[in-house]
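*Asks:* what shape does this take:
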Amino acid sequence: MTNKKKTVAVLYGGKSTEYEISLLTAFSVINAMNLEHYRVQPVHIQQDGRWIAGPEITKKLEYKDQLLLNENASLESQAEHWLAPSSPVLGNNRPDIVFPLLHGPNGEDGTVQGLFELLNIAYVGSGVAGSAAGMDKVLMKDIFTAHHIPGPGYLSVSRFEWETDAPEVILNVKNTIGYPCFIKPANCGSSVGISQCLSETELSASVTDAFRFDTKVIIEEKIIGREVEVGVIGNHHLSVSVPGEIITQGAAFYDYQSKYVEGKSSLVIPADLPEKVKAELEDVAKRAFRALSLSGLARVDVFVREKDQRVVVNEVNTMPGFTQFSMFPLLWKHTGLPYQQLIERLIDLGIERYNDKQKIQYRIDK
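*Replies:* Model (predicted):
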């Protein structure tokens, strides 16, 4: 790294059901960053969509609510700011890179990434297409199917289809997916809106609940097996972490309570898996990462099927939970890459990806 500090704009909050989780992530990441190497500028996206920029962070934060920035710092009031949503004009405060610590829709789904592409600003993580495909569980699984990456059986249902012919959908689930099955909003994370249906009598209520959070729902086959996750980092050359296993305590599946309430689940890192399974897991994780055109980082969630020990991909998360106690950083800690170094590695990967894109030519007369 050069002597000049890199300016990192840390973006957090957002119009998403995962707003609070994003605040926790930002608090943890900012406090882990080496302030001798980076100038850290916080940018808070409120739940109503308003962007608030704060002053440079020069010391560790004491509590999370310090990230709830003052309204007077609104980006919209700074005509020459690097990221005024009403104007693409760039000022002198342009950061070297943006770290978008946003989870769920309106941040992890390619929308914010598209803004950075238009402004030609470097950012951490996957691009527009990869972020969008990684957020939409239906698109993701369609791509996995095309690339022969094994996954649960699934059906996609739009709100229009459900409202116009729910009996046909119910019959289709019975004939193709069966029970038990899982109902999920297509574009949510952190297990928001997910429920397990043991029989047809539970299906209608579960689908209706999922449609509170999205206009498209995915209905998936339940896989009996162990729930395992790995981290992947890289752009062209990929590294895969040791695997970690999720053990839920008294829950039917790894739901929101299991993830964020202490004592509801435990993580076993590294997971005790046969070498053959670990090799297959690493191969499938890399294939899934490349199939979705991801870059920077992702957490790949799989099942190790009980009946034959085969790896089945559940989903990929392009901006996983990122507190120092979250699965993704813990996986890398046990692989030999501590939290602070992981953050620095991801910033470097974002700048590498940006520099690579600068080689693209947009005129044909030169």
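
*Asks:* from Ala133, how far off is the spatially closest residue to Val128 that is not a sequence neighbour?
*Replies:* Spatially, and ignoring its direct neighbours in sequence, Val128 is nearest to Gly110 (4.3 Å; C-beta to C-beta, 6 or more residues apart in numbering). Just so you know, the C-beta spots here come from the backbone N, C-alpha and C atoms, and that holds for glycine as well. To Ala133, Gly110 is 8 Å away according to C-beta to C-beta, to the nearest Å.

*Asks:* those two: who's more crowded?
*Replies:* The neighbour count for Gly110 versus Ala133, taken as other C-beta atoms under 10 Å, is higher for Ala133 (25 against 22).

*Asks:* what helix or strand is the more buried one on?
*Replies:* Assigned by DSSP states H and E, Ala133 belongs to helix 128-135.

*Asks:* which helices and strands does that helix pack with?
*Replies:* Packing contacts for helix 128-135, counted by 3 or more C-beta pairs under 8 Å, 6 or more residues apart in numbering; DSSP states H and E, involve helix 111-119, helix 137-146.

*Asks:* for that helix, what does the pLDDT average out to?
*Replies:* Here helix 128-135 scores 95 as its mean pLDDT.

*Asks:* that one vs helix 137-146, what angle?
*Replies:* For helix 128-135 against helix 137-146, the angle by axes from the mean of the first three to the mean of the last three C-alpha atoms, to 10 degrees is 100 degrees.

*Asks:* which residues sit against helix 128-135?
*Replies:* 104-105, 108-110, 113-114, 117, 125-126, 139-140, 143, 187, 189, 292-295, 298, 316-318 (C-beta atoms under 8 Å, 6 or more residues apart in numbering).

*Asks:* do the same with stretch 12-21
*Replies:* Against stretch 12-21 from outside (C-beta under 8 Å, 6+ apart): 22-23, 25-26, 42-49, 67, 101-108, 188-190, 192-193, 213, 260, 321.

*Asks:* got the domain ranges for the protein?
*Replies:* Listed domain ranges for the chain are 6-123, 153-221, 225-354 (source: automatic domain parsing).

*Asks:* about what we covered before: got the phi and psi for the residue nearest to Val128?
*Replies:* Note on Gly110: backbone dihedrals following degrees, to the nearest 10 are phi 100, psi -10.
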